[in-house]
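K.L.:
any chance you could fold what I've pasted below:
(one chain, ligands or ions: 1)
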Amino acid sequence: MQPRALSMPPLGRRPSGFRQRPGTAISAVGAYFAERFELEVATHHAYVILCAELDALDAPKPLVESVERAVVEEREHIEWMRRLASRFAGVPVQDDFGGPASRPRSLSEIAVENMVEGCVRESFAAVIAGWQASHAKDHEVVEKLRNYAMRKTGHARLAWSIHRWSAKQLDELSRARVASAKEFAVYSLRDEIRAEPDPEVRMIAGVPTRMEAERLIDGLSVELWA
Ligand SMILES: [Fe+2]
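P.N.:
Residues are numbered from 1 along each chain as shown. All right, here's what the predicted structure looks like:
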């Protein structure tokens, strides 16, 4: 089994320090879903940390409860991607991302991470998943990605709610840091879309071409990130 090049930038909320590894499989589609599985495990961990941090910061109860729901949903995403990786002969590698963050983070740090990983990357993940659900040719993939797109849309909305709550409490300098983190995150996302997806991944999983993905970023840049 050979590791493959990453098919897309890691989509979704990544915990600090996460580095996506190329998936291993005998098929490109299996490698793609093995990568998605690893990312779901990481995203689940990121939400577990976020939940504890918001609770410790006395965030509004509805926000904390929404993050708790996201933790439960991410557990399901892990199983969806495990199933798809196995079906296409991918090898899911489950990292142990450890316990809570090594030190309590400030609201300012959390707000920057939430902007990058939530408002930018989860918003992009939701749009990409919607695209995939309407372009994938495999029935099970379409069904899972359709649900996934709805969940990710909810997670992106949650990120913007966390952003609005945190912005009210941050000073001007911290808000400026969040704003420049957004600019840099959008720039980085564009930079990460370097390779064209494997034709099989494109057909079965509906992954957009580089140009299509760039157009989706253009749309979000105008409608959401401006
Ligand atoms: Fe997820």
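K.L.:
can you report how many residues neighbour Cys212?
P.N.:
Let me fix one detail, which is that residue 212 is Glu and not Cys. When neighbours are defined as other Cβ atoms under 10 Å, Glu212 has 15 of them. Using the backbone N, CA and C atoms, a C-beta is placed for each residue, glycine as well.
K.L.:
kindly report the same for Pro60.
P.N.:
Neighbours of Pro60 under the rule other Cβ under 10 Å: 12.
K.L.:
how about it, nearest residue that isn't a chain neighbour?
P.N.:
Trp165 (6.5 Å; Cβ to Cβ, 6 or more residues apart in numbering).
K.L.:
is the helix or strand containing the one you found anywhere near the ion?
P.N.:
Using DSSP states H and E, Trp165 sits in helix 139-169. No - using Cβ under 5 Å from the ion, we find that helix 139-169 stays clear of the ion, coming within 6.7 Å at best.
K.L.:
which strands or helices does that helix pack on?
P.N.:
Counting contacts by 3 or more Cβ pairs under 8 Å, 6 or more residues apart in numbering; DSSP states H and E, helix 139-169 packs against helix 61-87, helix 107-113, helix 123-135, helix 172-192, helix 199-205.
K.L.:
before we move on, the earlier item: might one say that the residue nearest to Pro60 is in contact with Lys61?
P.N.:
No - contact criterion Cβ atoms under 8 Å: Trp165 and Lys61 do not qualify, at 11.7 Å.
K.L.:
the two: who's more crowded?
P.N.:
Shown here are Trp165 and Lys61; by other Cβ under 10 Å, Trp165 has more neighbours (18 against 10).
K.L.:
that one and the ion, how far apart?
P.N.:
Remark: distance between Trp165 and the ion (Cβ to the ion, to the nearest Å) = 22 Å.
K.L.:
so who does the residue of the chain found nearest the ion touch?
P.N.:
Nearest residue of the chain to the ion: His77, at 3.5 Å (Cβ to the ion). Neighbouring residues of His77 by Cβ atoms under 8 Å, 6 or more residues apart in numbering: 40, 43-44, 148, 151.
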